[in-house]
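Chemist: no sequence for this one, just the structure:
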């Protein structure tokens with residue numbers, strides 16, 4: 001069903017078939033505001049323009065939107081290219097390795113929690129557990145994981161669901177430097193690890209992504225993987 005919500009004046013799409021129709025039609029429905037929704041507003045007025053004019057305006061002003069550098073806000077063909085990098089991580093072999101790690105981690109994380117008789121489940125077990133699972137999936141070296149923990153805490157700021165226009169344009173920027181350094185290092189000095197596989201991934205046409213493109217894909221997995229979990 002489709003229903004216009006009068007307060008924020010947006011159209012709400014409910015129902016599986018309706019949602020699939022919208023999500024599967026990027027020619028008609030852009031993902032430019034898929035993270036924040038329409039709440040922060042668009043830099044220019046879109047009303048009164050034809051479909052092609054709206055598409056042109058989105059392309060022209062996309063970089064001004066919050067989270068515009070994340071894969072979830074891309075449209076094809078850019079989204080298709082960057083998704084191909086992401087799929088280098090989401091392989092059956094890698095997921096099985098990650099699952100094996102989760103079983104070991106669960107025991108390690110639960111032991112001190114249960115030894116002291118319990119505690120605050122989310123902050124003391126579920127949150128740290130999820131962060132370390134995603135860190136393992138990405139192949140972040142064990143000695144660097146504390147850096148990522150501290151970075152998440154210091155830069156969490158306002159949530160992406162905020163209706164405020166004050167959301168940072170790139171609240172995850174502190175992670176880009178970390179993953180850009182990893183990517184540059186693995187390209188210069190390949191290793192037998194997950195980060196090397198990601199660093200050496202190419203776009204479908206065989207071209208080599210910029211270091212920043214790889215860093216943004218890894219950042220999206222690291223941050224969104226924890227938040228949604």
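Modeler: In hand now; what should we look at? Not measured: the values here are computed from a predicted model.

Chemist: Report the mean confidence score over the host helix or strand of residue 222.
Modeler: Assigned by DSSP states H and E, residue 222 belongs to helix 211-228. Averaging pLDDT along helix 211-228 gives 84.

Chemist: Tell me which residues of it come out buried.
Modeler: 211, 213-226 (16 or more other CB atoms under 10 Å). Every residue, glycine included, has its C-beta placed from N, CA and C.

Chemist: same question, stretch 113-132
Modeler: Those would be 113, 125, 127, 129, 130, 131, 132, for stretch 113-132 by 16+ other CB under 10 Å.

Chemist: try stretch 193-212
Modeler: Neighbour-count burial for stretch 193-212 [16+ other CB under 10 Å]: 194, 195, 196, 197, 198, 199, 201, 209, 211.

Chemist: cool, stretch 51-67 as well?
Modeler: 57, 58, 62, 65, 66, 67.

Chemist: Who are the contact partners of the first one?
Modeler: Remark: with contacts taken as CB atoms under 8 Å, 6 or more residues apart in numbering, residue 57 is in contact with 42, 44, 46, 49.

Chemist: now the second one
Modeler: By CB under 8 Å, 6+ apart, residue 58 lies in contact with 30, 32.

Chemist: Check for me that it belongs to a helix.
Modeler: Yes: per DSSP: H, G, I helix; E, B strand; the rest coil, residue 58 lies within a helix segment.

Chemist: ok, so what distance separates it from residue 176?
Modeler: 24 Å (CB to CB, to the nearest Å).

Chemist: Centre of the chain to the least confident helix or strand in the chain by mean pLDDT, how far?
Modeler: For the chain, counting by mean pLDDT, DSSP states H and E, helix 145-154 ranks last in confidence among helices and strands (a mean of 75). The chain centroid and the centroid of helix 145-154 are separated by 16 Å under CA atoms, centre = their mean, to the nearest Å.

Chemist: Packing partners of the helix ranked longest in the chain?
Modeler: Assignment by DSSP state H gives helix 92-115 as the longest helix of the chain. Under the contact criterion of 3 or more CB pairs under 8 Å, 6 or more residues apart in numbering; DSSP states H and E, helix 92-115 touches helix 127-138.

Chemist: Just the mean pLDDT for the helix it packs on, thanks.
Modeler: On average, helix 127-138 scores 89.

Chemist: Next, the angle helix 92-115 makes with that helix.
Modeler: For helix 127-138 against helix 92-115, the angle by axes from the mean of the first three to the mean of the last three CA atoms, to 10 degrees is 160 degrees.

Chemist: Return the list of helices and strands in contact with helix 127-138.
Modeler: Using 3+ CB pairs under 8 Å, 6+ apart: helix 127-138 touches helix 92-115, helix 145-154, helix 194-199, helix 211-228.

Chemist: Not counting the next helix or strand after the second one itself, show me its contacts.
Modeler: Following helix 145-154 in sequence order, the next helix or strand is helix 173-188 (DSSP H and E). Counting by CB under 8 Å, 6+ apart, helix 173-188 makes contact with 140, 144, 147-148, 151, 154-155, 170, 193, 195-196, 198-200, 211-212, 214-216, 218-219, 222-223, all of which sit outside it.

Chemist: residues in contact with residue 30?
Modeler: Contacts of residue 30 (CB under 8 Å, 6+ apart): 55, 58, 75.
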